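Asks: Build the 3D model from these lines:
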Amino acid sequence: MNRRQMQRVFEQSILPRVESHARIQFRATRCPATREDQIAEAIGLAFKWFRQLVRRRKDATKFPCTLATFAVKAVRSGRRVCGQLKPKDVLSERAQQQRGFYVGKLPDVSTLETNPLMEALIDNRISPVPDQVAFRIDWPAWLLTRTARDRRLIRQMGMHERTTDLSRSFGLSPARISQLRQEFHRSWCVFVESDPIG
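Replies: A predicted model of the protein is given here:
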């Protein structure tokens, strides 16, 4: 059997079974691109094994379901057409599976609201750890004592917006923005001093 005949036999009798079995088995994979890669690897392994069986004069068309099952199991265990996934590589599915963790991507968009992932990535080496902990507890609690408009204004102030820009955005005079800035500062100082944790 030459290469073209081998490919035609595989495409007609084995490929549909392997592909449908792989689609069912990998349907729980979250990322569509990863799912398609897994299906392609299963098909690739099945074709590789089919060629080896043909060379050994075995008829693989008699057991396409078995070939599909073994191909899916091999992909799940980290086997690939060109080698094997490294068990110590963090990005390897095999390492994630064996050690029970998941590697995902960070969010594309960050809003003015607090973002836990972004906060986790910020490294503050200046403030002592107890002060950082106290601030992360006190700040949200203090913000809740302010009105919704005040919270938006405080967040904009925290983004280093200029007084004139803030006055335009909130429909207040620049003088009022300056007054509010001082008022917020006094309120924060009073809150921290009265806080039993601080």
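Asks: So what's the residue count around the nearest residue to R151 once chain neighbours are set aside?
Replies: Spatial nearest neighbour of R151, chain neighbours left out: L143 (5.3 Å); criterion: C-beta to C-beta, 6 or more residues apart in numbering. From N, CA and C alone the C-beta is placed, and that goes for glycine too. If you count neighbours by other C-beta atoms under 10 Å, L143 ends up with 14.
Asks: now F10
Replies: By other C-beta under 10 Å, the residues close to F10 number 21.
Asks: who are the neighbours in contact with the residue lying closest to it once chain neighbours are set aside?
Replies: Take F10 and drop its neighbours on the chain: the residue closest to it by C-beta to C-beta, 6+ apart is F50, 5.3 Å away. For F50, the contact set (C-beta atoms under 8 Å, 6 or more residues apart in numbering) comprises M6, F10, I14, A60, L67.
Asks: And the pLDDT at the residue nearest to R151?
Replies: For L143, the pLDDT comes out at 90.
Asks: want to throw the contacts of F50 into JSON lines with pLDDT?
Replies: Below are the contacts of F50 laid out as JSON lines (pLDDT from 0 to 100):
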{"residue": "M6", "pLDDT": "84"}
{"residue": "F10", "pLDDT": "89"}
{"residue": "I14", "pLDDT": "90"}
{"residue": "A60", "pLDDT": "85"}
{"residue": "L67", "pLDDT": "90"}
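Asks: Just the residues you listed: which are in helices?
Replies: Secondary structure from DSSP state H places M6, L67 of these in helices.
Asks: if we can go back for a sec, hang on, isn't the residue nearest to R151 packed against I154?
Replies: Yes. Between L143 and I154 there is a contact at 6.8 Å, judged by C-beta atoms under 8 Å.
Asks: Quickly list the domain ranges of the chain.
Replies: 3-99, 116-194 (automatic domain parsing).
Asks: Can you give me the end-to-end span of the longest one?
Replies: With C-alpha to C-alpha, to the nearest Å applied, domain 3-99 spans 41 Å between its terminal residues.
Asks: before we move on, the earlier item: and the residue nearest to R151, how far from L153?
Replies: 11 Å (C-beta to C-beta, to the nearest Å).
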